[in-house]
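>>> Need a 3D model of the following:
(one chain, ligands or ions: 2)
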Amino acid sequence: MAKRIDVKDLNVFYGDFKAVEDVTMTVEPRSVTAFIGPSGCGKSTFLRTLNRMHEVIPGGRVQGSVMLDDQDLYASGIDPVAVRRTVGMVFQRPNPFPTMTIFDNVAAGLKLNGMRDKKKLTERVEKSLRGANLWNEVKDRLNKPGAGLSGGQQQRLCIARAIAVEPQVLLMDEPCSALDPISTLAIEDLVNELKSTYTIVIVTHNMQQAARVSDRTAFFNLAAQGKPGRLIEMDDTHKIFSNPTQRATEDYISGRFG
Ligand SMILES: Nc1ncnc2c1ncn2[C@@H]1O[C@H](COP(=O)(O)OP(=O)(O)OP(=O)(O)O)[C@@H](O)[C@H]1O
Ligand SMILES: [Mg+2]
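Ligands and ions are numbered 1, 2, ... in the order given. Okay, here's the model as predicted:
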């Protein structure tokens, strides 16, 4: 079920501005890959190209290729909506559907996929909310709007929504930045559990988190302000954190900049 991602010579643009340059990488199935690097180096931008969300932004375009197993995501005739169903995403800022109930926020994707059976829906919603460590807080108010939750709860709601449809790849952009330590650990446990089935990419500013949850780590950096971000180094996580090849990686993980 999990898929391999192969990115080749990828450049990512906002209009004339090249935000990310020349990325080539492989993300292994059934593993967790962490993206780290200073603010503005293009982690979110690059992540969004992996499920064709980048092109939703006006002026957003890419050059190069992204393969999901044998399928080129940018080939003509590929339906971006189907891509996003296969490659799920949790965004940096929580974006629940504000007027929808908590239940419907989680069930929305399932209903779109044609699940009508109320019992099945209810089971899957509960399982997803439990997985996102939100169930106990919302089980008595599933029919209240999602917008009525705290920021951290909204983030966990979005995680529940993303995992409810059981995507094959899950992209998570700083999913824990608004969470308390208990929910953070719960999400890390969830990631650990999900990786037996899915391919997971997680962007994080938290080095300990990258070290705890990921198998592979990719370090991105900017040569200078206004220059595109680049992939500097990608390797096994323990190697990146103990003995990186590049000086810039070492400076970043040891807190000397960024
Ligand atoms: N919608 C947009 N339009 C134009 N430029 C953008 C847009 N979004 C991001 N950028 C630019 O692209 C570059 C990369 O931004 P991006 O958000 O990918 O960085 P990031 O590594 O995710 O940073 P952070 O760690 O702060 O989230 C930055 O120079 C940013 O200003
Ligand atoms: Mg970002």
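>>> what are the ranges of the helices in this protein?
For the chain, the helices defined by DSSP state H occupy 43-49, 80-86, 102-112, 118-131, 135-138, 151-164, 181-194, 207-213, 237-242, 247-253.
>>> close enough to count as contact, residue 92 and residue 47?
No: using Cβ atoms under 8 Å, residue 92 is not in contact with residue 47, being 9.1 Å away. From N, CA and C alone the C-beta is placed, and that goes for glycine too.
>>> Compare those two (neighbour count), which wins?
It is residue 47, of residue 92 and residue 47, that has more neighbours when counted by other Cβ atoms under 10 Å, with 22 against 16.
>>> show me what contacts that one?
Shown in contact with residue 47 (Cβ atoms under 8 Å, 6 or more residues apart in numbering): 35, 89, 171, 173, 201, 203.
>>> redo that, cut-off 7 Å
Each residue near residue 47 by Cβ atoms under 7 Å, 6 or more residues apart in numbering is listed here: 35, 171, 173, 201, 203.
>>> any idea how far it is from residue 245?
23 Å (Cβ to Cβ, to the nearest Å).
>>> Check residue 149 too.
According to Cβ to Cβ, residue 149 and residue 245 sit 43 Å apart.
>>> and if you look at residue 151?
To residue 245, residue 151 is 38 Å away according to Cβ to Cβ.
>>> Residue 56 - how many residues pack around it?
Neighbour count of residue 56, defined by other Cβ under 10 Å: 10.
>>> So which elements touch the worst-scoring helix or strand of the chain on mean pLDDT?
Scoring the helices and strands of the chain by mean pLDDT, DSSP states H and E places helix 181-194 at the bottom, with a mean of 89. Packed against helix 181-194, as judged by 3 or more Cβ pairs under 7 Å, 6 or more residues apart in numbering; DSSP states H and E, are the following elements: helix 151-164, strand 199-203, helix 207-213.
>>> cutoff 6 Å now
In terms of contacts (3 or more Cβ pairs under 6 Å, 6 or more residues apart in numbering; DSSP states H and E), helix 181-194 is not packed against any helix or strand.
>>> Alpha carbons only: can I get it in CSV?
The C-alpha trace of helix 181-194 is given here as CSV (Å, rounded to 0.1, in the frame of the first residue of the first chain):
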residue,chain,number,x,y,z
PRO,A,181,4.0,17.9,25.0
ILE,A,182,1.4,15.1,25.7
SER,A,183,-0.4,15.6,22.3
THR,A,184,3.0,15.9,20.6
LEU,A,185,4.1,12.5,22.0
ALA,A,186,0.7,11.0,21.0
ILE,A,187,1.2,12.3,17.4
GLU,A,188,4.7,10.9,17.4
ASP,A,189,3.4,7.5,18.6
LEU,A,190,0.8,7.7,15.8
VAL,A,191,3.4,8.4,13.2
ASN,A,192,5.4,5.4,14.5
GLU,A,193,2.4,3.2,14.2
LEU,A,194,1.3,4.6,10.7
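>>> tell me the angle of it relative to helix 151-164?
For helix 181-194 against helix 151-164, the angle by axes from the mean of the first three to the mean of the last three Cα atoms, to 10 degrees is 10 degrees.
>>> Just the residues contacting helix 181-194, thanks.
Identification of contacts with helix 181-194 by Cβ atoms under 6 Å, 6 or more residues apart in numbering yields 32, 131, 133, 175, 176, 200, 213.
>>> Tell me how far residue 116 lies from residue 65.
According to Cβ to Cβ, residue 116 and residue 65 sit 37 Å apart.
>>> Have a look at the two and say which one is more surrounded.
Neighbour comparison, residue 116 and residue 65: the larger count goes to residue 65, with 15 against 8 (by other Cβ under 10 Å).
>>> Report the contact partners of that one.
Going by Cβ under 6 Å, 6+ apart, residue 65 touches 8, 72.
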